[in-house]
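**Q** Next comes the sequence, and after it the predicted model I'd like to discuss.
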Amino acid sequence: MRIFLFSKKSITILLFILIFTIFLIIYLLVYSKCEINCSSEVSDDFLHNINTLTSGKEKVAYLTFDDGPTTSVTPKILEILKEENIKASFFVIGKCVEAHPEIVKQAYDEGHYIANHGYSHNNDILYKSSESFINEITKTDLAIGKAISIENYCSHIFRFPNGFMAPLYKKEKEKMASLLPNINYTYIDWNCLNNDSVKKCSNTELLNNLKESSKNKNTLVVLMHDTKDVNDSSLVLKDSISYLKSQGYEFRNFYDLPWGHSFG
């Protein structure tokens with residue numbers, strides 16, 4: 001009979017390997033990106049989490065960027081987010097995804113949440129009929145799925161152009177919002193913004209707008225745009241992140257929400 005004797009050094013190495021393996025498994029289970037598609041159903045818990053997100057008591061900031069991707073701004077934002085080790089959420093327009101799928105792929109691969117902002121960003125098309133509204137969403141998901149190589153992709157989270165809270169097309173939006181559960185969707189607005197799409201502002205003004213709209217709030221859903229149609233938020237993003245950090249905020253994206261189900 002052979003008796004195997006291990007030195008203290010060998011035992012230490014084995015323990016290190018075991019601990020490292022355990023931590024790696026935990027990391028992959030907790031922090032790895034979920035694959036979401038049309039077979040992954042949102043739970044009532046998730047809907048509740050979205051609907052009550054901005055009433056949270058934690059100091060958390062969800063950075064969201066609308067209307068992209070664009071070649072002029074989105075890559076700069078992705079670079080800054082990578083430097084800051086922050087994961088954001090991008091509400092993309094379907095026709096822009098088709099124009100620049102490589103940028104969407106990069107954002108997805110780097111851990112950012114790709115959400116749905118409709119295909120055309122045209123209210124006349126979006127609210128023409130129930131069929132047109134659903135088509136705007138499904139065409140965008142199809143474009144995203146093609147860009148990131150996920151068949152039947154479904155982001156489950158929609159943002160109305162100009163926001164659900166805006167008075168424009170209010171009745172139409174209320175009608176269309178009632179259709180979202182039928183396609184396994186919900187919607188979200190924001191409670192903090194820098195007004196980068198409202199009028200031309202200096203970088204100082206953009207930062208001050210963010211400071212003012214975040215005042216006395218805990219959980220923030222921050223609206224910015226990854227276009228430069230009016231302003232270029234990439235130019236003030238580092239300062240915005242620094243300010244929010246100084247106020248005690250940590251950063252998350254929608255992958256970090258308790259979904260209450262397993263993804264398909």
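**A** It's in.
**Q** List the buried residues of stretch 121-130.
**A** Buried positions in stretch 121-130, judged by neighbour count with 16 or more other CB atoms under 10 Å: His121, Asn123, Leu126, Tyr127. Where you see a C-beta, it was placed from the backbone N, CA and C, and this is true even at glycine.
**Q** Now intersect those residues with the helices, please.
**A** Secondary structure defined by DSSP state H assigns Asn123, Leu126 of the buried residues of stretch 121-130 to helices.
**Q** Let's have the buried residues of stretch 121-130 in TSV, adding distance to Leu81 and pLDDT.
**A** Output for those, formatted as TSV (distance: CB to CB, whole Å; pLDDT from 0 to 100):
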residue	distance to Leu81	pLDDT
His121	23	96
Asn123	30	96
Leu126	29	98
Tyr127	33	97
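**Q** okay if I get the buried residues of stretch 121-130 as a markdown table plus distance to Glu110?
**A** Listed next are these as a markdown table, based on distance: CB to CB, whole Å:
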| residue | distance to Glu110 |
| --- | --- |
| His121 | 24 |
| Asn123 | 31 |
| Leu126 | 29 |
| Tyr127 | 34 |
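**Q** so where is the stretch 151-264 of the chain shaky, pLDDT-wise?
**A** 259-264 (pLDDT under 70).
**Q** Could I get the full set of strands for it?
**A** With strands called from DSSP state E, counting those that start in this stretch, the stretch 151-264 of the chain shows them at 157-158, 186-187, 192-193, 220-225, 250-252.
**Q** As JSON lines, those strands with mean neighbour count and distance to Ser240 would be great.
**A** Formatted as JSON lines, the strands of the stretch 151-264 of the chain follow (neighbours: other CB atoms under 10 Å; distance: least, CB to CB, whole Å):
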{"stretch": "strand 157-158", "mean neighbour count": "24", "distance to Ser240": "22"}
{"stretch": "strand 186-187", "mean neighbour count": "18", "distance to Ser240": "24"}
{"stretch": "strand 192-193", "mean neighbour count": "24", "distance to Ser240": "10"}
{"stretch": "strand 220-225", "mean neighbour count": "25", "distance to Ser240": "8"}
{"stretch": "strand 250-252", "mean neighbour count": "17", "distance to Ser240": "11"}
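**Q** Which one, of those, ends up nearest to Glu79?
**A** Closest of those to Glu79 is strand 220-225, at 15.1 Å (criterion: CB to CB).
**Q** So what does the residue lying closest to Leu168 once chain neighbours are set aside look like in phi/psi?
**A** Nearest residue to Leu168, sequence neighbours excluded (CB to CB, 6 or more residues apart in numbering): Asn162, at 6.1 Å. Main-chain dihedrals, Asn162, degrees, to the nearest 10: phi 70, psi 0.
**Q** what's the longest strand in the chain?
**A** When the chain is parsed with DSSP state E, its longest strand is strand 60-68.
**Q** Following the chain onward from it, which element is next?
**A** Using DSSP states H and E, the helix or strand that follows strand 60-68 towards the C-terminus is helix 74-84.
**Q** Any chance you could give me that next one in CSV, C-alpha atoms only?
**A** Provided in CSV are the C-alpha atoms of helix 74-84 (Å, rounded to 0.1, in the frame of the first residue of the first chain):
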residue,chain,number,x,y,z
THR,A,74,-21.0,55.9,-29.2
PRO,A,75,-17.4,54.6,-29.5
LYS,A,76,-16.2,57.5,-27.4
ILE,A,77,-18.7,56.7,-24.7
LEU,A,78,-17.8,53.0,-24.8
GLU,A,79,-14.1,53.9,-24.3
ILE,A,80,-14.9,56.1,-21.3
LEU,A,81,-17.1,53.5,-19.7
LYS,A,82,-14.4,50.9,-20.2
GLU,A,83,-11.8,53.2,-18.6
GLU,A,84,-14.2,53.8,-15.6
